[in-house]
Structures are given as structure tokens and as C-alpha cells.
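Peer 1: Build me a model from this:
(4 chains)
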Number of protein chains: 2
Amino acid sequence: MTKRTKRSPRSSSETTTRAATARVPKVASAPLRPKPAANRAEKSAERRAAIVEAAMEEFIARGFAATRLDDVAKRAGVAKGTIYLHFTDKESMFEELIRTAIVPLIGNITMAPPGGSVRETIERFAATFIHEVVSTRRGDIIRLIVAEGPRFPAIADFYFREVVSRGLAGITALIQLGVASGEIRQKELARFPQLLVAPAIVAVIWQSLFARHAPLDAIEMFKVHLDLIFGERRTT
Amino acid sequence: MTKRTKRSPRSSSETTTRAATARVPKVASAPLRPKPAANRAEKSAERRAAIVEAAMEEFIARGFAATRLDDVAKRAGVAKGTIYLHFTDKESMFEELIRTAIVPLIGNITMAPPGGSVRETIERFAATFIHEVVSTRRGDIIRLIVAEGPRFPAIADFYFREVVSRGLAGITALIQLGVASGEIRQKELARFPQLLVAPAIVAVIWQSLFARHAPLDAIEMFKVHLDLIFGERRTT
DNA sequence: TGACAATGACTGACCAGTCAGTCATAATGA
DNA sequence: TCATTATGACTGACTGGTCAGTCATTGTCA
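Peer 2: Predicted structure coming up:
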């Protein structure tokens, strides 16, 4: 019921921990040293980070229902009980994980440096997305949301509010900019910003399911897609 | 191990079954009456169909791991043991379900009447797809494949072989036709047929996750998408 | 009546969540 | 500075419940 209100981990110095095992400086008064990483709070934060990392891995590999917390604990190098010091239960753990995993995406997405043409902006954005999401484990998180969303309305809601609606709003603005400047012919595109990102979504899914059957050059595909919207690309 | 090879259910008269409980006519010779459905084979087929139907429902709602066969049995109006007369175990049941659920899709997809322009053909095809898949439970099956695919390589493989590669091949052919006839400007599109279907995939996902937040007119979206490919549509 | 289909109580493995006990670290005081 | 006490993070054996799969019994058709 009552959620623990640990603050999220700030520092994450992993290697130093082992190095400092032998002796712990007894600076009783000053909490001025964030680096050496050996006091209680920091260790706890590190463990939490390890749990989060391990849980992410397991959830991605097996889905929510099939993931065993015993396995998560083992992977994190921690006893099962420890998990419950950081999370109330499996379900809220899952939800919290998805939430925190998504947040950094928003940061990257919303910052859209307005330099250059609309096409350039979108191209840059798409390259970032493909590089940071499609080709990494974050893509799996998106797949995870698609997979578990219907069973976790809270997650679907959160994702819609924080990512989808904002992202689409930003893209709509970009499209309108492009229409105004004459770069984009098709005015109707602004009504369906989903069309612009659709290839990226498909790339994520393809990556998870079919990459080993037929690899897909997401960047190149997206360029062709942009050619459809902006007209033939000049040969680079 | 050994798969049972019952043929798929043909007749499905559900209400009549209950109505006919009291007395069963003894027409031993003539199998000319498909409706009353009371001999052994037919009853068995009906039960199997009920199980398949119920299992589909449960798997879509909960995913593979979280689905209880007790619930499937209850929903199908059957004892749990009966399920094991038709399927070896939960896993092979799931795989077989997905396979048989997908087959009808192929039928609908491959039949592409070549009348009219390429755009018309694609438009007709898309309308069918959206009507038959996006707006129905078959869309959920696609989502289910996305969700469970990584854990069931056999399913991902099957799906790629039987649906994705064939579908994309057909679409590639259509695109090349369009390029040859001058309807499609962008030759490169043939390299990424995924681009043509991407909006449909996105529509499926949107439907499952976000429809209640923001309904999406898939048909209209697809038309705008085709306008990008074929040029502005003439006002109907 | 014989053959086969259907049943559902039962088994055993599995797993989320608990909690009494341990021990490294922090606090206190002399 | 060192000894003593207090703290609370961490552990992992344990519990209660769940559920896939089985099989002896019962029902039904030909």
C-alpha cells in the first residue's frame, strides 16, 4: 500500500566500491564527498540501480507475467527480500521501471534545435531516434509497452500523456512549419502526424522480430520515407 | 510431442447444441444435415472450436503466461481435461492457435484483383485490411505476435515466412507496377515496401493502446498516406 | 455392450511476498 | 581515539496460493 519514498539514485560509481572495501574513512561529520561511494545511502542506491537494470533485462526477455523475481534478484546479485525494500510489489515495480525508462526519451525528443530546414530537423531527429532507440534496448521497451499496455492501463495512459501526445504535438508543429515554408506539399499530413513516425515504429518492431531473418536499414528506409514527404532528395 | 491432427472445425451451431440436449434424432444413415449437429465427430469439432475461440479471447486479453487454462475451459464450457484431448500442452496450443488464426489473413491478402490502377488496387486492399484486421480482433492477434514473438521464435519464424515475406513480396510487385506505369514517382519505394504498410501497423497498435484516448480514422489516414506516394488525390 | 469422449478432483512444481534474525555501519560517550 | 550501543539494510528459509498437467471415474454414442 504505502509507497516508499526513496529518492532516486544520483551517483553511480560502481567500480570504486570494490576498491574501497578494505578501509572506510570515518568522516563522521561531512557528507561532502560524493565520489568514494562506500556509505550506506550510496550502496543502497547502487543496489537499487542493479535491481532496476536486472529487472529491465528480465522483463524485456520474458514479459511481466513470466518474469520471476528470484531471477531478477539473482541477476542483480541481491536477495529477493532486498527487492521489496525498494519496490512494493512486482506490479508497481514494473510500472515504475517503464516510467523511469521512458523519461530520458522525452528529454532527447523535446530538444529540437530549430536550425536549418524542416527536413534537416526531422532527419536529425529521426537519426537520433533510430540510433538511440531502434538500435538499443530502448526499442525493446517500446515493444514491451505494446505488449503489456492493454493489461496495464496505467502504463498506456502514462505513455500516451507523456510521450505520444507530446511527441505528436511537436511533430505536428514541425509539419505545419514545413507546410508554411513550402517544403511540404501535402497539407493533410498535419492531421496525421503518426504517418511521419510510422516507419520508426515499424523499424522497432522489425528489429525485435525479424532482424535475424532480414536485417533492415532503418536510416535508409527513413530517408526514402522523407523523400515521399519532401520530394526527391538531392544526391548527396 | 506428437501433434494431434484433428481437422479444423467446420460447422458452428452453438445454440442448437443446448436445445438438442433432451433427445437426439437417430438418423443414422444420412449425414446430409449439417445443422442439427449431434454425431460424435461434429460435437467434438464444435468443442474444439469453442476451445479455440475461448483460448484466443483469453490469450489476447492476458497474454500467454498469464492465461489460465481453467479460465479457457470455463469460457469454452468444457472441462479442463477436454482441452488436453485436442492439444498436447499450453505452449503448442498457443502456437497452433496463432498459426490457424493467421491463415485466413493470407487468403484475403493474396487475392488481389488486378483491375484498375495500382492506387485503386492498393486502396482496396488497404480498406479490406483496415476493415478486416484493424477494426477486429485480428488486430489483437498481430499485437499478440509482437508481444510474444520474441519468446516464441517458432511463431515469429512462421509469421515471417507465411505472412510478412509473402505480403511484402506482393506489395513490392505492386509498387514496381506503379513505378513502371508512372503512377509512383519514387522508385526507391520498392526497396522498402514496409513503408507502404507502416501506417496500417501503426493503426493496429494505436487501436489497442490509445483508441480510447484519441480515436484514429485509419482509413482517412491511409488515404493521406497514399496521397504522399501517388500525389494529391483528386477531390471525390 | 464395447469403445471412446468427457470430466474434474488431485498432484506436485512453482513463485510472490513475508519476517525473524544477522551484521556492517553510524552514533554516542568517555 | 577507541569501546560500546543503536540502527536499519540485507538475507533467505518459509508460507500460502496458484496452476499446468494427469488419470480414475463417469457418461455417451454406435
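
Peer 1: And A:Asp70, how close does it get to DNA strand C?
Peer 2: With distances defined as CB to the nearest atom of the strand, to the nearest Å, the gap from A:Asp70 to DNA strand C amounts to 5 Å. Where you see a C-beta, it was placed from the backbone N, CA and C, and this is true even at glycine.

Peer 1: burial measure for that residue, as a count.
Peer 2: Residues contacting A:Asp70 under the criterion other CB atoms under 10 Å in any protein chain shown number 11.

Peer 1: Now chain A against chain B: closest residue?
Peer 2: Closest approach between chain A and chain B, counting by CB to the nearest CB: A:Ala147, at 3.3 Å.

Peer 1: give me the number of residues near the residue nearest to that residue when sequence neighbours are not counted?
Peer 2: Leaving aside its sequence neighbours, A:Ala147 sits nearest to B:Ala147 (CB to CB, 6 or more residues apart in numbering or on different chains; 3.3 Å). Summarising burial for B:Ala147: neighbours were counted as other CB under 10 Å, giving 25.

Peer 1: follow-up on the earlier one: residues touching the residue of chain A closest to chain B, list them.
Peer 2: For A:Ala147, the contacting residues are A:Gly63, B:Gly63, B:Arg143, B:Val146, B:Ala147, B:Glu148, by CB atoms under 8 Å, 6 or more residues apart in numbering or on different chains.

Peer 1: Can I get the helix or strand that contains it in CSV, CA atoms only?
Peer 2: Using DSSP states H and E, A:Ala147 maps to helix A:137-148. Taking only C-alpha atoms (Å, rounded to 0.1, in the frame of the first residue of the first chain), the coordinates of helix A:137-148 have been written out as CSV:
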residue,chain,number,x,y,z
ARG,A,137,17.3,-1.9,-25.7
ARG,A,138,15.0,1.1,-25.5
GLY,A,139,13.3,-0.3,-28.6
ASP,A,140,12.5,-3.4,-26.6
ILE,A,141,10.9,-1.2,-24.0
ILE,A,142,8.6,0.2,-26.6
ARG,A,143,7.8,-3.3,-27.7
LEU,A,144,7.2,-4.1,-24.0
ILE,A,145,4.7,-1.3,-23.8
VAL,A,146,2.9,-2.5,-26.8
ALA,A,147,2.9,-6.0,-25.3
GLU,A,148,1.8,-5.2,-21.8
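
Peer 1: what is the orientation angle of that helix with helix B:137-148?
Peer 2: 140 degrees (axes from the mean of the first three to the mean of the last three CA atoms, to 10 degrees).

Peer 1: So what's the model's average confidence on the helix or strand encompassing A:Ala169?
Peer 2: Under the criterion DSSP H and E, the helix or strand holding A:Ala169 is helix A:165-181. Averaged over helix A:165-181, pLDDT sits at 94.

Peer 1: Alpha carbons only: can I get that helix in PDB?
Peer 2: Extracted C-alpha coordinates of helix A:165-181, given in PDB (Å, rounded to 0.1, in the frame of the first residue of the first chain):
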ATOM      1  CA  SER A 165       0.700  13.200 -27.300                       C
ATOM      2  CA  ARG A 166       3.600  15.400 -26.700                       C
ATOM      3  CA  GLY A 167       5.700  13.900 -29.400                       C
ATOM      4  CA  LEU A 168       2.900  14.100 -31.900                       C
ATOM      5  CA  ALA A 169       2.200  17.700 -31.000                       C
ATOM      6  CA  GLY A 170       5.800  18.600 -31.600                       C
ATOM      7  CA  ILE A 171       5.800  16.800 -34.900                       C
ATOM      8  CA  THR A 172       2.600  18.500 -35.900                       C
ATOM      9  CA  ALA A 173       4.200  21.800 -35.300                       C
ATOM     10  CA  LEU A 174       7.100  20.800 -37.400                       C
ATOM     11  CA  ILE A 175       4.800  19.700 -40.200                       C
ATOM     12  CA  GLN A 176       2.900  23.000 -40.100                       C
ATOM     13  CA  LEU A 177       6.200  24.800 -40.300                       C
ATOM     14  CA  GLY A 178       7.100  22.800 -43.400                       C
ATOM     15  CA  VAL A 179       3.800  23.400 -45.000                       C
ATOM     16  CA  ALA A 180       4.100  27.100 -44.300                       C
ATOM     17  CA  SER A 181       7.600  27.300 -45.800                       C
END
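
Peer 1: Return the set of buried residues in the following helix or strand past it.
Peer 2: Heading C-terminal from helix A:165-181, the first helix or strand you meet, by DSSP H and E, is helix A:194-209. Going by neighbour count (16 or more other CB atoms under 10 Å in any protein chain shown), the buried part of helix A:194-209 is A:194-209.

Peer 1: between the residues you listed, which is closest to B:Glu58?
Peer 2: When these are ranked by distance to B:Glu58 (CB to CB), A:Leu209 comes first, at 22.7 Å.

Peer 1: Double-check that closest one against B:Glu148; I have them as touching.
Peer 2: No - counting by CB atoms under 8 Å, A:Leu209 sits too far from B:Glu148 to count as a contact (10.2 Å).

Peer 1: pLDDT score assigned to the most centrally placed residue in chain A?
Peer 2: With distances taken as CA atoms, centre = their mean, the residue of chain A nearest its centroid is A:Ile102 (4.0 Å). Per-residue pLDDT puts A:Ile102 at 83.

Peer 1: For it, which non-adjacent residue is closest in space?
Peer 2: On the basis of CB to CB, 6+ apart, the spatially nearest residue to A:Ile102 that is not a chain neighbour turns out to be A:Val163, at 6.0 Å.
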